[in-house]
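In: Quick one, what's the 3D model for this:
(chains A and B)
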Amino acid sequence: MKENQGNMSYRITDTCSIILCYIILHSSALSGAEPSVFFEKHCLDCHDGKTKEAGLDLTALKLDLSNPGNFSRWVKVHDRIESGEMPPKTEERPPTGDVVAVVKSLKESLVEAEHTRFQRDGRTGLRRLTRAEYENTVRDLFDMPGIALAGELPADGSAHGFDKNSDALDISHVNMAKYIEAADHALDYAIATRPTAPSVQKRRISLVNRGGFVAHVVMNGDGVLLKDKKPDPAFPPAGEHGHIDQGAHERMGSFETGSTVGLFRHEDESFSPYFIEHVTIYPGRYRVRLSLWSFHWDKGEVLPSRGTEAARLSVVQLTGDGRGGQHPSYVFGYYDAPSIESREHELVTWLNHNEIIGFNTASLAPVANYSRKGRAMAFTGPAIAVDWLDIEGPLHDAWPPNAHHVLFDDLPLAEFKTAENPGTRPPVRKHVRQLGAGMNRPDPSPGLWTVHSEQPLVDADRLLAGFLPGAFRRPVQAEVRQQYVARVEERLNAGDCFETAMRWAYRAALCSPDFLYHLEPVGDLDDFALANRISYFLWNTMPDARLTELAATGELRKPDVLGGAVERLLKDERSNRFVHDFLDQWLKLRDIAATDPDRKLYPEFSPYLQDSMVAETRAYFRELLDQDLDASHLVQSDFAMLNEKLAVHYGIPGVSGSQMRRVALPPGCSRGGFLTQAAILKVTANGTTTSPVPRGAFVMERIFGQTPDPPPPDIGSIEPDVRGATTIREQLDKHRSNAICASCHAKLDPPGFALEAFDVIGGFRTRYRSIGDGDPAERGSIDPFIGIEFKLGLPVDPRGELPDGRAFGNIDEFQTLIAADSERLLKNLAEQLAIYSTGRALAFSDRDEIEGIVKRTQQKDGGVRTLIHELTQSQLFRTR
Amino acid sequence: MMILGLIILCSPASSAAEPNRIKHQITGLFSRERVKDLEEVFKQLPEFRLVTVDYDNAEASFEYDPVTVFPGATSEQVVERFDARLKNASRHTFGIKPLRTIEREKLKLIEIPVAGLDCKGCCLGAYEAIYRLNGVEMATASFKERLVTALVEPELIDREALETALRQRGVEVTKPQPENSSPE
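Out: Next comes the predicted model:
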């Protein structure tokens, strides 16, 4: 009895404290309802100081909403009550009117507190450019579309799912040091140092280069030389014996006969084919042409191939002694190699200094005849033939190039003669060494040429007046410009030549906050800030001249003009930067290579498949955007974006070639929407096994917009059993018998159970693969040249029940259930796009704006494109 | 004896009986097809005129003026510099050395059947495995005949040493044939 009295006393004290807080902080909220009474009646039984259900003690939770921790906990209380999740279903239900009143009261308090904070701090913190934004901005500012800068900058952090968030974009002395290096690198590339353009060199290159890897493996049977689509009689295929002495063959010119190179071998840890005879000397645009075909090799005979094979072209940056690289810096793309008939492919691309072109027989199985008995003459299998690669460049429409004009306009280039410039230091030129085995050669040195000015300070002022507004993405006041001109004058007085003095100013500008930061006014964005926000949202780069002009004339803020601008940006090829950057983060495509699938369990996995996975997800989002498809398509569709590699992987017939295209899904095919795409299924698995928990968490957070709470401490993780004795579901069932775990897993597990129908590389399955117990596995769509060791283990059970009680029997039924709630899907996408585009987390008070955006999109029967339009028109988007 | 070209000069030494016509031993002439290659190489060396090629003795005669082509060089230096120039022009597949001084009758021809020589590149590899060995005066390698031969001084080198060198280069030596000393 005493104890009870004590409890009562405690309870009364607790209740009083809550009531007191409400009276003090929110007297208006009490007029329509009594939250304190509500809490007392419906909450404190579980959430008082003694019980602390789920760790929540409402009696100790202060109502100081200026404290971020408190604020977020009250938001959670608000959300749980609003959604009906609390009080729990097992308890007495409060009257609806009471719930509405309490929610309204809490909401008003939270909004008010947040507005107070925004008036003080602004909604979006000051944020710098991300690495990608920095690189794209420099590329577009100077018209150097491939200059590589991002890789040299420190990695960006991530907050609220995106690296564009100010919370993630800190800056340190390391960043600054790297920005200086990057600015110097950009200026080195941009400034013309010769009176005429470097001569255009055109070279036809064989893949079987002198001294290359390919020659070595061809000598040992991993490839053959072909003439007229038959084995080259001057270099017979390696049989019982390989060709001996590569050096002797190179000196005899055995690899310079113009023969086609037929390769059976795929890139691997010890084999990386390059076209090594071109090592880029002069950065710039190059035209690359490639002739490819495929064949079936049968112990010395060239026969028609099984279909169209695919080869990969990539760029590899040589480093150090010229041997560096191996893994491609980036992939140009995949190119079709049709049966027997040669097909020519052409692209114009930017190449940086010391970059070479890499090659891979992407669609072939990993085969090595190298030390096998009989080598090529005992091998039967597919092959890709490379007739030649032509490379031509550097290609310049004009000289000096655009980048130079950005810096020096039309000032003439003149030879710098020390005798004619007494007391002036000449410009410094870096000695650039060509690495590797390139056969292209630099032009003879033209001497020391530099930009010439008769009126250095006048020209400096004029040039900076042109450059700074572009670099800073807004008008620049005269006094700011004068600071840069003063720097030029200082350097001229110190004895620098005009180019060097200007370089100081340009470098300072490229390292200044005006360039490195998104400078936006607190409150409503001004015209230029709006132009920047749209441009960095949809192009991930600076605004172009047209957008800047709309900002300058004050037109951009007009809704129809803004809509037109957004539409133009979305139609421009640069919007692919948005598609890539947004999906890389929203759907975690950046993690696609974070795990290497187990080779015994998933022998069919290849880099080509992985690249195709990413390409599918990007192409699918592009299709949603271009066709303005509604939000249900995020999780369900009657089509997919596929190439042959993925179509085979998915078991869909009739798709040939390496290029992505829209494919209608056949009846009974469990694909469609993001969740069934191999890229999503791979980034949510660990390479060896799947677990419904991380996959469920991914769906909750990324698709439904409901970030699950972290697991409680001291709760062990579940380790899937690759030996195949127990299924993950059986293990989870045990886990869920713990009441603490059960509440969260009731939400997490169902999507994960549905996705158990797919393995770690996105293959559909009805049984788990096993490297222990199991039945022999059928090959299915796996390439016949790939060995299979895995077995088929326990059956997959993709059934589940949503938290609201709706049951599903398989992935298709699950998709149908969640697609029906398209408003939730659309709302989440709106939130993700808002976070990405504004660079800040969504505030509690943004919820009404988001709901408005969603509502207006739905009223227009719009999809993803309409949503972007509505977002960019919203106050949320147009406010810092 | 097969002589492809008419030997005009009979002097055993490289010294010029006539000032501009000089005879040297050629390295890299490991098969008859190589005579054509040698002619092609000398198209890049207009300061020399290839007059005749004696494949069986791996010798060739040239017309050039050592004083003009290699000013100030001694006769040994002329051979060295000519060798360097020929090597440069032929990517080190041909070279020059002084004419053989030992009589052919004192040399022994060793024929080694081999497997796995598929092309001219492989033959060069096999040839280079043995031609520089001490005691080897001349060598050939043929993928068509599947045969490597060496004309050797028997006191300095034997078949076993040759076969070892070939094996080390990756050449498979097949059934040994009875040795055939052949004073030509």
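In: a strand runs through A:L833, doesn't it?
Out: No - according to DSSP: H, G, I helix; E, B strand; the rest coil, A:L833 belongs to no strand; its state is helix.
In: Let me know how buried it is, in neighbour terms.
Out: For A:L833, the neighbour count with other C-beta atoms under 10 Å in any protein chain shown is 23. Bear in mind the C-beta positions are built from the backbone N, C-alpha and C, glycine included.
In: Show the pLDDT at it.
Out: You'll see A:L833 listed with a pLDDT of 98.
In: Spell out which parts of chain A neighbour chain B.
Out: Contact residues, chain A versus chain B (C-beta under 8 Å from any C-beta of the partner chain): A:234-236, A:238-245, A:247-254.
In: at 10 Å instead, please
Out: Taking C-beta under 10 Å from any C-beta of the partner chain, the part of chain A that reaches chain B is made up of A:210, A:215, A:219, A:225, A:232-255.
In: What about those residues, which are in strands?
Out: Those of the residues of chain A next to chain B mapping onto strands are A:L225, per DSSP state E.
In: Buried among the residues of chain A next to chain B? Need that as a selection in PyMOL.
Out: In PyMOL, this line selects whichever of these come out buried by 16 or more other C-beta atoms under 10 Å in any protein chain shown:
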select buried, chain A and resi 210+215+219+225+232+234+235+236+237+238+239+241+242+243+244+245+246+248+249+250+251+252+254+255
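In: Give me the subset of the residues of chain A next to chain B lying in helices.
Out: Among the residues of chain A next to chain B, the members falling in helices are A:A215, A:M219, A:Q246, A:G247, A:A248, A:H249, A:E250, A:R251 (criterion: DSSP state H).
In: residue ranges with poor pLDDT in the chain?
Out: Going with chain A. When residues are selected by pLDDT under 70, those of chain A lie in A:1-34, A:211, A:320-328, A:713-725, A:732, A:734-740.
In: wait, chain B
Out: B:1-19, B:176-184.
In: how about the strands in it?
Out: Secondary structure of chain B (DSSP E): strands located at B:21-27, B:49-54, B:59-63, B:95-97, B:108-115, B:136-142, B:147-152, B:172-173.
In: got CSV for these, with distance to chain A too?
Out: Formatted as CSV, the strands of chain B follow (distance: least, C-beta to the nearest C-beta, whole Å):
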stretch, distance to chain A
strand B:21-27, 13
strand B:49-54, 18
strand B:59-63, 19
strand B:95-97, 12
strand B:108-115, 6
strand B:136-142, 10
strand B:147-152, 12
strand B:172-173, 6
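In: Can you add mean neighbour count and give those strands back as TSV?
Out: Rendered in TSV, the data for these read as follows (neighbours: other C-beta atoms under 10 Å in any protein chain shown):
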stretch	mean neighbour count
strand B:21-27	22
strand B:49-54	18
strand B:59-63	20
strand B:95-97	20
strand B:108-115	19
strand B:136-142	23
strand B:147-152	23
strand B:172-173	16
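In: Nearest the middle, which residue of chain A would you pick?
Out: With distances taken as C-alpha atoms, centre = their mean, chain A has A:D584 as the residue nearest its mean C-alpha position (2.7 Å).
In: That residue: helix or strand, and which one exactly?
Out: helix A:575-586 (DSSP states H and E).
In: try A:D336
Out: Element membership for A:D336, per DSSP H and E: strand A:330-337.
In: Adjacent strands (with direction) for that strand?
Out: Applying DSSP bridges to the sheet, strand A:330-337 is found paired with strand A:309-317 (antiparallel).
In: what does chain B put close to chain A?
Out: So far as C-beta under 10 Å from any C-beta goes, chain B lies against chain A at B:28, B:34, B:37, B:87, B:90-93, B:114-129, B:143, B:166, B:169-172.
In: 6 Å instead, please
Out: By C-beta under 6 Å from any C-beta of the partner chain, the part of chain B that sits against chain A consists of B:91-93, B:116, B:118-122, B:124-125, B:169-170.
In: Highest neighbour count among the residues you listed?
Out: The residue in the residues of chain B next to chain A with the most neighbours, by other C-beta under 10 Å, is B:C122 (29 neighbours).
In: Surely that residue is in contact with A:H243?
Out: Yes - in this structure B:C122 lies within contact range of A:H243 using C-beta atoms under 6 Å: 5.3 Å.
In: thinking again about what came up before, please name every helix or strand in contact with whatever helix or strand comes next after the strand holding A:D336.
Out: For strand A:330-337, the following helix or strand on the C-terminal side (DSSP H and E) is strand A:343-351. Counting contacts by 3 or more C-beta pairs under 6 Å, 6 or more residues apart in numbering or on different chains; DSSP states H and E, strand A:343-351 is packed against strand A:284-298.
In: helix/strand/coil for A:A113?
Out: A:A113, by the three-state scheme (three-state DSSP), is helix.
In: what's around the nearest residue to it once chain neighbours are set aside, how many residues?
Out: Nearest residue to A:A113, sequence neighbours excluded (C-beta to C-beta, 6 or more residues apart in numbering or on different chains): A:L65, at 3.5 Å. A:L65 has 20 neighbouring residues, counting by other C-beta under 10 Å.
In: go on, A:A594?
Out: Applying other C-beta under 10 Å, I find that A:A594 has 11 neighbouring residues.
In: how near is it to A:Q610?
Out: From A:A594 over to A:Q610 the distance is 11 Å, taken as C-beta to C-beta, to the nearest Å.
In: returning to what we had before: the residue nearest to A:A113 reaches A:H115, doesn't it?
Out: No - using C-beta under 6 Å, A:L65 makes no contact with A:H115, being 10.9 Å away.
In: quick revisit: farthest-separated two in the ones in helices among the residues of chain A next to chain B?
Out: Using C-beta to C-beta, these span at most 13.8 Å, a distance reached by A:M219 and A:R251.
In: per-domain residue ranges of chain B.
Out: For chain B, the structural domains run B:21-97, B:104-173, going by automatic domain parsing.
In: Identify the spatial nearest neighbour of the residue nearest to the centre of chain A, chain neighbours not counted.
Out: Excluding the flanking residues, the one nearest A:D584 by C-beta to C-beta, 6+ apart is A:R590, at 4.4 Å.
In: And what about that neighbour, helix, strand or coil?
Out: Secondary structure of A:R590, per three-state DSSP, is helix.
In: same question, the one 5 residues further on
Out: Secondary structure state of A:T595, per three-state DSSP, is coil.
In: Any figure for the gap between it and A:V683?
Out: Distance of A:T595 to A:V683, computed by C-beta to C-beta: 8 Å.
In: So between those two, which is more surrounded?
Out: Set A:T595 next to A:V683 and count neighbours by other C-beta under 10 Å: A:V683 wins out with 23 against 15.
In: helices or strands up against the longest helix anywhere in chain B?
Out: Using DSSP H, we find that the single longest helix of chain B is helix B:75-89. Applying 3+ C-beta pairs under 6 Å, 6+ apart, one finds that helix B:75-89 contacts strand B:95-97.
In: What residue spans form the domains of chain A?
Out: When chain A is cut into domains by automatic domain parsing, you get A:2-121, A:128-196+A:418-433+A:450-519, A:201-395, A:589-820, A:824-873.
In: first to last residue in the third one, what's the distance?
Out: For domain A:201-395, the first and last residues are 9 Å from each other (C-alpha to C-alpha, to the nearest Å).
In: Run through the residues that contact residue 129.
Out: Using chain A here. When contacts are counted by C-beta atoms under 6 Å, 6 or more residues apart in numbering or on different chains, A:L129 touches A:L516.
In: should've been chain B
Out: B:A129 neighbours (C-beta under 6 Å, 6+ apart): B:A165, B:L166, B:R169.
In: ok, now with 10 Å
Out: Listed by C-beta atoms under 10 Å, 6 or more residues apart in numbering or on different chains, the contact partners of B:A129 are A:244-245, A:248, B:139, B:141, B:148, B:162, B:164-171.
In: ok, and the closest non-adjacent residue to A:T766?
Out: A:V796 (5.6 Å).
In: Count the neighbours of that neighbour for me.
Out: Number of residues near A:V796 (other C-beta under 10 Å) recorded here: 21.
In: same question, B:E40
Out: Other residues near B:E40 come to 11 when the count uses other C-beta under 10 Å.
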